[in-house]
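Student: Build the 3D model from these lines:
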Amino acid sequence: MIKEIHSEKDMEALVLEWGFLPFFKNEFPGFSIEEHTPPELWYDSDSGDWAPWDWKGPVARMGTCVYGKFFWKKAGFVSMEWFPDLANLRRDGYDFDARFDDELASYKDKELYDAIVKNGSVQTGQLKQLCGYGGKDGKKGFETVITRLQMQTYLCVADFDYATDRRGVPYGWGIARWSAPEAIFGYDAVTAAYARKPDQSRQRLLEHLQKRLPQASEGQLVKLLNM
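Tutor: Numbering: from 1, shown residues only. This next block holds a predicted model:
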């Protein structure tokens, strides 16, 4: 029986139980927040509410899991129990500055990463302005760069900012506020698996996912883990 998500706490609990949970349906049945959310909560046509969307920020703020585009360049959560091994695997032992120094990251990547680290957290619109994206003569490719840095685990979504009406009530779509996971959870917590070789982290993650997704082939799971 599929556990249903009816609240922020339900969402957090399911992420912690699974360790990894994409937001949207994917090639593995049942492996998404979307499939665990009752249809009437996924979108209420009468009120216009999208409950799971509104819960993403509060769950990201709980300090137990990381939110970002970590699955096939699409969004989802990873619990802090497993994020250090994912970071160790995806980063291949490199902190970002070392990756850039070894010419494995572009200047565009460094520019975005440095702007976020310098400010602690930065909203999407502010980040684009800081780094010169948008407008007729602005840089292109923001989504490509910000997605790549998330998939490599160097960046995550810290929260979502909302516009407010005259009464102070938030409305509309949340705007992502970006951060390095180290700024939220601490360097030692994020890099806790660095003592292992990346291949050892891959094996740990693979064994965990094989228990959760027994219908998946090893090749499918390796593709999920390796970006």
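Student: The residue sitting nearest the centre point of the chain and Thr147, how far apart?
Tutor: Closest residue to the average C-alpha location of the chain: Gly68 at 1.4 Å, with Cα atoms, centre = their mean. From Gly68 across to Thr147, the span is 9 Å (Cβ to Cβ, to the nearest Å). Where you see a C-beta, it was placed from the backbone N, CA and C, and this is true even at glycine.
Student: neighbours of Glu27, just the number please.
Tutor: 11 (other Cβ atoms under 10 Å).
Student: where along this structure do the helices fall?
Tutor: 8-18, 33-36, 39-42, 51-61, 83-91, 96-101, 107-119, 124-131, 142-151, 181-185, 187-190, 198-212, 218-225 (DSSP state H).
Student: and those helices, which is most packed in?
Tutor: helix 83-91 (a mean of 23; mean count of other Cβ atoms under 10 Å).
Student: Give me the helices and strands touching that one, please.
Tutor: For helix 83-91, the packing partners by 3 or more Cβ pairs under 8 Å, 6 or more residues apart in numbering; DSSP states H and E come out as strand 65-71, helix 181-185, helix 187-190, helix 198-212.
Student: just for this structure, where's the confidence low?
Tutor: 1-2, 43-50, 163-165, 168-172 (pLDDT under 70).
Student: try it again with 80
Tutor: 1-2, 42-51, 162-173, 227 (pLDDT under 80).
Student: still on that earlier bit, distance to Glu27 for the helices of the chain - can I get that in JSON lines?
Tutor: Listed next are the helices of the chain as JSON lines, based on distance: least, Cβ to Cβ, whole Å:
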{"stretch": "helix 8-18", "distance to Glu27": "16"}
{"stretch": "helix 33-36", "distance to Glu27": "12"}
{"stretch": "helix 39-42", "distance to Glu27": "20"}
{"stretch": "helix 51-61", "distance to Glu27": "20"}
{"stretch": "helix 83-91", "distance to Glu27": "19"}
{"stretch": "helix 96-101", "distance to Glu27": "29"}
{"stretch": "helix 107-119", "distance to Glu27": "28"}
{"stretch": "helix 124-131", "distance to Glu27": "29"}
{"stretch": "helix 142-151", "distance to Glu27": "17"}
{"stretch": "helix 181-185", "distance to Glu27": "26"}
{"stretch": "helix 187-190", "distance to Glu27": "28"}
{"stretch": "helix 198-212", "distance to Glu27": "13"}
{"stretch": "helix 218-225", "distance to Glu27": "7"}
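Student: To Lys25, which of these lies closest?
Tutor: helix 33-36 (5.2 Å; Cβ to Cβ).
Student: which other helices and strands contact that closest one?
Tutor: helix 8-18.
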